[in-house]
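Trainee: I'd like to go over a predicted model; first the sequence, then the structure.
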Amino acid sequence: MKTYTVVIPAYRPTDDLLRYIEKLKQGGVSSVFVINDGSGHAFDGLFNQIKKDPICTYVEHEMNQGKGAALKTAFRYILKAEKNTSGVVTVDADGQHAVKDVIRIGELLKRKQDGIIIGMRDFKTNNVPLNSFIGNTVTSRFFQMLFGFLIRDTQTGLRGIPVNELERMIELRGDRYEYEMNMLIHAARRGIPIRGVEIETIYTEHRVSYYNSFVDSIKIFLQMIKGYFKEFKEKK
């Protein structure tokens, strides 16, 4: 019976990551891949505990390379080592994805192998920061204008990717947050289905994020524009 692997790129995470992995185990997840993306020796204690967990595969980058690079590292390893997987469910390390939603997307991934599954947050809830609401709304509308797909949550890190798409995902450009936008551009340009699943919207007071609202948003917009003009040239 095929399963799926939960992939967690981690850069200087809190101890909450340990508790989160334990909850995944309790929910029935049997395979977790953690990439330490150059967090530094101050986090060795936390990652040493993760290494000991029997359901965890651990890989580290000596230097911080970015979320996109970390995801590609995981995808390469899984393609080589996991022979009985239906694909991966990517999860952020800051605890903003409910375990029940991770499992729901994983189970759907086992049944649906013809597209990408994304967890869509509700940005109209009261606990969503204003910059997150504006950023996601603007990028969603801009993506629709360029590619004809309305994706309500273009920046979600909770995604189900079938194993037959992983090799192509590794070839996509981008080593940081813009890489996730390139995934969606790739799917839109090639007619790959993008299925949205409603998920719980979690923003905690102590949430740690290394997403730079201005710099990374500019990079994301540039990737959309590049993706659009590349498509235009190919059609010509």
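Mentor: Perfect, I can see it now.
Trainee: contacting residues around the spatially most central residue of the chain?
Mentor: What sits nearest the mean C-alpha location of the chain, by C-alpha atoms, centre = their mean, is residue 157, with 3.4 Å. With contact taken as C-beta atoms under 8 Å, 6 or more residues apart in numbering, residue 157 is in contact with 90-92, 96-97, 180. (C-beta placed from N, C-alpha, C; glycine too.)
Trainee: helix, strand or coil for residue 5?
Mentor: Per DSSP: H, G, I helix; E, B strand; the rest coil, the secondary structure class of residue 5 is strand.
Trainee: who does it bridge with?
Mentor: For residue 5, the beta-bridge partners under DSSP bridges are residue 88.
Trainee: Hmm, residue 31 and it touching each other?
Mentor: Yes. Residue 5 is within contact range of residue 31, at 4.3 Å (criterion: C-beta atoms under 8 Å).
Trainee: OK, contacts around residue 102?
Mentor: 6, 24, 27, 29, 89, 91, 158.
Trainee: Out of the residues you listed, which end up buried?
Mentor: 6, 24, 29, 89, 91, 158 (16 or more other C-beta atoms under 10 Å).
Trainee: okay, who's weakest in the contacts of residue 157 by pLDDT?
Mentor: Scanning the contacts of residue 157 for pLDDT, the low point is residue 96. It has 88.
Trainee: nearest residue to that residue other than its sequence neighbours?
Mentor: Counting by C-beta to C-beta, 6 or more residues apart in numbering, residue 96 lies nearest to residue 202, which is 4.6 Å off, once chain neighbours are set aside.
Trainee: Name the residues contacting each of residue 5 and residue 31.
Mentor: In contact with both residue 5 and residue 31: 57, 82, 85, using C-beta under 8 Å, 6+ apart.
Trainee: List the contacts of the residue nearest to residue 152 when sequence neighbours are not counted.
Mentor: The spatially closest residue to residue 152, leaving aside those adjacent along the chain, is residue 120, at 5.1 Å (C-beta to C-beta, 6+ apart). Contact analysis of residue 120 by C-beta under 8 Å, 6+ apart lists 151-153, 156, 196-199.
Trainee: go with 6 Å
Mentor: 152-153, 196, 198 (C-beta atoms under 6 Å, 6 or more residues apart in numbering).
Trainee: Of all the residues you listed, the one with the weakest confidence?
Mentor: residue 152 (84).
Trainee: Make sure it is indeed in a helix.
Mentor: No. Counting by three-state DSSP, residue 152 is not found in a helix; it is coil.
Trainee: what's the burial count for residue 66?
Mentor: Residue 66 has 20 neighbouring residues, counting by other C-beta atoms under 10 Å.
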